[in-house]
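Asks: Predicted structure and sequence below. I'll ask about it afterward.
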Number of protein chains: 2
Amino acid sequence: MPEPVPRSAEPPDLVFAALADATRRQVLRAVAESGPVTATALAGDLPVSRQAVAKHLGLLREAGLVTAERTGRETRFVARTEPLDDLAAWATEAGRRWDDRLAKLAGRFGGAYVGIATHTPPNRVTER
Amino acid sequence: MPEPVPRSAEPPDLVFAALADATRRQVLRAVAESGPVTATALAGDLPVSRQAVAKHLGLLREAGLVTAERTGRETRFVARTEPLDDLAAWATEAGRRWDDRLAKLAGRFGGAYVGIATHTPPNRVTER
DNA sequence: CATTCGTGCAACCATGTGATTGCGTGTCGA
DNA sequence: TCGACACGCAATCACATGGTTGCACGAATG
């Protein structure tokens, strides 16, 4: 056995789910670029209501992508990057492993699938 | 200006959306590990119907995560790894940039937020 | 040529979810 | 103390989405 497979910390569903929505990514990005910021301030720059932003922040918080700190009557959010690092690690690892598998198949079958599997645009079969 | 910001190929919504669903990730993983495989065969190992698998494969295909090749009456799917690489690149880049921003804020404010932003578990504020 | 098998498509259903509005509560400043 | 401000919570709504079933069509097989 080459290695016991580092078992890269598989990002929890929450992270995938949180990142799935474009608006939510926008919120996250805004938080990341605005430093500690409140939901209300954030809503000012975004095309959605304060409550919508608050909801997104809630999910992002559960996913560990932001941290909330309440002082007095306002809550400031800060972005966390670890989940992103985990995601990057996962994607890299998965991609690498599958590529290896693909390479083996290519060896066994003659390499026909390599091109298809790694260098074909979106698709070209029953293209609608 | 340090750099014009490499503008890491931002993964399209389709990729995020495709990866958001756990079952779909399972399908993708199965495809990746089973080499060229048909939807029907895939459905045999998964807890959902063939059509469900086919739908997932359809989305994965639109997201560029799998490729389909029809020969005769059966269609075999193969996983593609580029979208995953793009995702990894994006996550890494975003994380790095935000971390830089955080570091600057830490310098300006005294570092109080650093710990909170980079080493606090899920959360700890209005913990429900 | 009839049958069987693998697909794709369409309709349909239940749930989940992004977003809004309205309201109650706690905090800060005058 | 009182009003303004920042939140959090709940109800509601429209729409997207995962999943199923049923059916029709093209390709192998005898």
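Replies: Now that the structure is in, tell me what you want to look at.
Asks: and residue A:65, what is it in contact with?
Replies: Counting by Cβ atoms under 8 Å, 6 or more residues apart in numbering or on different chains, residue A:65 touches A:15, A:18-19, A:28, A:79-80, A:83-84. Glycine gets a C-beta too; all of them are placed from N, C-alpha and C.
Asks: mind running it again at 10 Å?
Replies: Residues near residue A:65 by Cβ atoms under 10 Å, 6 or more residues apart in numbering or on different chains: A:14-15, A:18-19, A:24-25, A:27-28, A:31-32, A:57, A:59, A:77, A:79-84, A:87, B:122.
Asks: Return the per-residue confidence for the closest residue to it other than its chain neighbours.
Replies: Distances taken as Cβ to Cβ, 6 or more residues apart in numbering or on different chains put residue A:83 closest to residue A:65, at 5.2 Å, once the chain neighbours are dropped. pLDDT, residue A:83: 94.
Asks: can you give me how far the longest helix anywhere in chain A is from the chain middle?
Replies: For chain A, the longest helix by residue count, based on DSSP state H, is helix A:82-109. Offset of helix A:82-109 from its chain centre (Cα atoms, centre = their mean, to the nearest Å): 16 Å.
Asks: near chain B at all, stretch A:40-57?
Replies: No. Figure legend: stretch A:40-57 not in contact with chain B (Cβ under 10 Å from any Cβ of the partner chain); closest approach 10.6 Å.
Asks: Would you mind writing the CA trace of that stretch as CSV?
Replies: Written as CSV, here are the backbone C-alpha positions of stretch A:40-57 (Å, rounded to 0.1, in the frame of the first residue of the first chain):
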residue,chain,number,x,y,z
THR,A,40,-27.5,45.5,8.6
ALA,A,41,-24.5,47.2,7.1
LEU,A,42,-24.1,44.2,4.8
ALA,A,43,-27.6,44.4,3.6
GLY,A,44,-27.0,47.9,2.5
ASP,A,45,-24.6,46.8,-0.2
LEU,A,46,-26.6,43.8,-1.2
PRO,A,47,-29.8,43.5,-3.2
VAL,A,48,-31.6,41.7,-0.5
SER,A,49,-33.3,42.5,2.8
ARG,A,50,-31.5,42.6,6.1
GLN,A,51,-33.4,39.4,7.3
ALA,A,52,-32.3,37.6,4.1
VAL,A,53,-28.7,38.5,4.8
ALA,A,54,-29.1,37.5,8.4
LYS,A,55,-30.5,34.1,7.4
HIS,A,56,-27.5,33.6,5.1
LEU,A,57,-25.2,34.6,7.8
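Asks: sorry, back to before: just the buried members of the contacts of residue A:65?
Replies: A:14-15, A:18-19, A:24-25, A:27-28, A:31-32, A:57, A:59, A:77, A:79-84, A:87 (16 or more other Cβ atoms under 10 Å in any protein chain shown).
Asks: Residue numbers of chain A in contact with DNA strand D?
Replies: Contact residues (Cβ under 7 Å from any atom of the strand) of chain A with DNA strand D: A:38-41, A:50-51, A:54, A:68, A:70, A:73-76.
Asks: Those: which ones sit near DNA strand C?
Replies: Among those, DNA strand C is touched by A:51, A:73 when using Cβ under 7 Å from any atom of the strand.
Asks: Show the buried residues in the residues of chain A next to DNA strand D.
Replies: Buried among the residues of chain A next to DNA strand D by 16+ other Cβ under 10 Å: A:38-39, A:54, A:68, A:75-76.
Asks: Can you flag which of these belong to strands?
Replies: Cross-referencing these against strands under DSSP state E gives A:38, A:68, A:75-76.
Asks: Which ones, among these, also lie beside chain B?
Replies: Checking those against chain B (Cβ under 10 Å from any Cβ), the matches are A:68, A:75-76.
Asks: Please convert the residues you listed to TSV, extending it with pLDDT and distance to residue A:99.
Replies: Below are those laid out as TSV (pLDDT from 0 to 100; distance: Cβ to Cβ, whole Å):
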residue	pLDDT	distance to residue A:99
A:68	94	39
A:75	95	44
A:76	96	42
